[in-house]
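*Asks:* when you get a sec, could you give me coordinates for this:
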Amino acid sequence: DESRQSRRAESSWISGILLRFQSHINLVFVLTLASAMLALAPPMFVRAILDLVLPSGDIVMGSFIMIGVLIAIVTDGLLRNLKSKVLAFVGGRFEYILGNTLFKRIISLPATYTDGATVSNQVGRFKNLESLRDFFLGPAALLAFELPST
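*Replies:* Residues are numbered from 1 along each chain as shown. All right, here's what the predicted structure looks like:
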């Protein structure tokens with residue numbers, strides 16, 4: 001019963017931290033979906049060239065289609081750059097807030113919790129929370145955002 005309460009308390013303060021970044025996380029999802037849609041521009045360009053421009057021989061239409069696909073490629077690059085900046089911001093802030101919150105929680109623990117535990121157990125608890133930090137800062141976060149759009 002006590003371990004269930006501690007897990008519930010741990011998940012509530014971690015979810016509280018995540019809720020602070022909900023708008024940023026939603027923005028990253030929107031940027032990912034927009035980038036996935038813009039990534040379809042080059043194949044559609046090839047199809048339009050083969051279906052419309054080559055049979056009719058209309059060079060003007062081909063140049064307009066090429067300008068449109070170049071705009072889509074540049075916009076896709078800008079959106080990907082913005083997404084990486086937002087993810088870096090969220091990762092940095094999350095690491096800072098998580099470190100401060102952990103320090104405050106450890107300082108506020110009663111002495112009975114830390115006296116009975118060995119140093120290796122306490123270090124092991126920190127290592128478990130480092131894996132959470134690595135998720136938000138590492139390639140797993142990028143994969144989690146890219147997966148729905150593929």
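
*Asks:* which elements pack onto the longest helix belonging to the chain?
*Replies:* Longest helix in the chain, counting residues (DSSP state H): helix 59-107. For helix 59-107, the contact count by 3 or more CB pairs under 8 Å, 6 or more residues apart in numbering; DSSP states H and E identifies helix 2-20, helix 22-38, helix 41-48, helix 119-137, helix 139-146 as packing neighbours. The way it works is simple: take the backbone N, C-alpha and C, and place the C-beta from them, glycine included.

*Asks:* now that helix: how far from the chain's centre is it?
*Replies:* For helix 59-107, the gap between its own C-alpha mean and the chain's C-alpha mean amounts to 9 Å (CA atoms, centre = their mean, to the nearest Å).

*Asks:* Ile59 is nearest to which of the helices and strands packed on helix 59-107?
*Replies:* Among the helices and strands packed on helix 59-107, the nearest to Ile59 by CB to CB is helix 41-48 (13.5 Å).

*Asks:* residues of that closest one that come out buried?
*Replies:* Using 16 or more other CB atoms under 10 Å as the test for burial, helix 41-48 gives Ala41, Phe45, Ala48.
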